[in-house]
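Trainee: The following comprises the amino acid sequence and a computationally predicted model.
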Amino acid sequence: MRWIALAMIAALVTSHATEPDFSKALAGKNDNERYRLALEALRKSDDPSAFTKNQDAQVVEAAVDACRERLADVGENPSTKIESLANNLLDFAADAKSPPALAIRALHAIAESHSSFGGRISARVAQLAHNPDYPSRVDAIQVLSELADGRQAATLAKLVNDRDKAVAEAAKEGLESIKGKGVTQTFIQGIADKTLGDETRTALLRAATKRDMTAIVPVAAEVITEPGLRLDAQKALLRLARKSDLAQLRAACTKIPDDSASAAALKRLIAKLEKE
């Protein structure tokens, strides 16, 4: 009977066994019923992530989904217990022995939190995104862009030119959508940081322009003096600059070759803004 099976599973859940034996409680049930019974019981567990170590695929699937429910929209100040659950789920997602589909499911369960956990969880996800041997890098990138850690914009920018085209495309999309604490400042600092290299800085410039991030106008006016960034900085200024930016635009004009196409474009922009 169903209530007997639930009672047996509940007893296992509250026993806190590392690898509980669900075999008797779920014996004779089809996969769908096994999943439903396990999920119903694991919703009552203090730590459903512990059950990702189970050998039963339906129990593991239920454990991941129970974690997803627990993590949903926890905000930027989650409890220690919730962060521990997220770390355990991330361990499962990173484990090469985990079933690929469930590992991906676990990653996206973490994304449900929309929290970087103070940057700690997002930093771990970033490591997976950068790892060329990790099979689910695209999913890691997608999750990274959803964890409300704007500081990871620089991580995504570094991946825009990855050899793996799917990874590069995912990073580009993530860079154009990432939100959260520190995102604007990360773009500004990254564009200005010569140690990042022109490719990464260009990726940040292009994404910021597409996002209509007017806060980057001052730094774009600075880096337009660099040949490797000049064209994209010019495009950013043409799209984002306002009349209040005229002083910076005039200063930029004096720092680039007067006969260059960029100088001509800036002069036209200045003339246009002066008439507004």
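Mentor: Cool, the structure landed. Numbers count the residues shown, from 1 in each chain.

Trainee: Low-confidence regions, the stretch 1-150 of the chain specifically.
Mentor: 1-23 (pLDDT under 70).

Trainee: neighbours around residue 25, how many?
Mentor: 22 (other C-beta atoms under 10 Å). Using the backbone N, CA and C atoms, a C-beta is placed for each residue, glycine as well.

Trainee: What distance do you get for it to residue 40?
Mentor: 12 Å (C-beta to C-beta, to the nearest Å).

Trainee: cool, and residue 170?
Mentor: Residue 170 is 35 Å from residue 40, by C-beta to C-beta.

Trainee: neighbour count winner among those two?
Mentor: For the pair residue 170 and residue 40, the greater number of neighbours falls to residue 170 (24 against 16), based on other C-beta under 10 Å.

Trainee: Model confidence for that one, exactly?
Mentor: On the pLDDT scale, residue 170 is placed at 97.

Trainee: Buried by neighbour count: which residues of the helix or strand where it lies qualify?
Mentor: For residue 170, the host element (DSSP states H and E) is helix 165-177. The neighbour-count criterion (16 or more other C-beta atoms under 10 Å) identifies 167, 168, 170, 171, 172, 173, 174, 175 as the buried residues of helix 165-177.

Trainee: So the fourth one sits against residue 154, correct?
Mentor: Same thing as residue 171. No: counting by C-beta atoms under 8 Å, residue 171 stays clear of residue 154, with 11.2 Å between them.

Trainee: Name the nearest residue to residue 237, sequence neighbours excluded.
Mentor: Using C-beta to C-beta, 6 or more residues apart in numbering and skipping the chain neighbours, the partner closest in space to residue 237 is residue 220 (5.3 Å).

Trainee: wait, residue 84
Mentor: residue 47 (7.4 Å).

Trainee: so where do the helices sit in the stretch 51-200 of the chain?
Mentor: Ranges of helices within the stretch 51-200 of the chain are 57-71, 80-94, 100-111, 120-130, 137-144, 153-159, 165-177, 183-192, 198-210, based on DSSP state H, counting those that start in this stretch.

Trainee: Can you say which of these is nearest to residue 225?
Mentor: Ranking those by their distance to residue 225 (criterion: C-beta to C-beta) puts helix 183-192 first, at 11.9 Å.

Trainee: Report all helices and strands that that closest one contacts.
Mentor: Contacts defined by 3 or more C-beta pairs under 8 Å, 6 or more residues apart in numbering; DSSP states H and E place helix 183-192 against helix 153-159, helix 198-210, helix 217-223.

Trainee: what comes up buried for the longest one?
Mentor: I take that to be helix 198-210. Residues of helix 198-210 classed as buried by neighbour count (16+ other C-beta under 10 Å): 200, 201, 202, 203, 204, 205, 206, 207, 208, 209.

Trainee: how many other residues sit next to the residue lying closest to residue 57 once chain neighbours are set aside?
Mentor: Residue nearest to residue 57 in three dimensions, not counting chain neighbours: residue 99, with 6.9 Å by C-beta to C-beta, 6+ apart. Residue 99: 14 surrounding residues under other C-beta under 10 Å.

Trainee: Let me see the backbone angles for residue 99.
Mentor: phi -60, psi 130 (degrees, to the nearest 10).

Trainee: For residue 167, see how far away it is.
Mentor: For residue 99, the distance to residue 167 - C-beta to C-beta - is 22 Å.

Trainee: and residue 70, how many residues sit next to it?
Mentor: Residue 70: 22 neighbours (other C-beta under 10 Å).

Trainee: quick one: contacts for the residue nearest the centre of the chain?
Mentor: Taking C-alpha atoms, centre = their mean as the criterion, residue 144 is the residue nearest the geometric centre of the chain, at 1.3 Å. Going by C-beta atoms under 8 Å, 6 or more residues apart in numbering, residue 144 touches 122, 125, 126, 129, 152, 155, 156, 174, 178.
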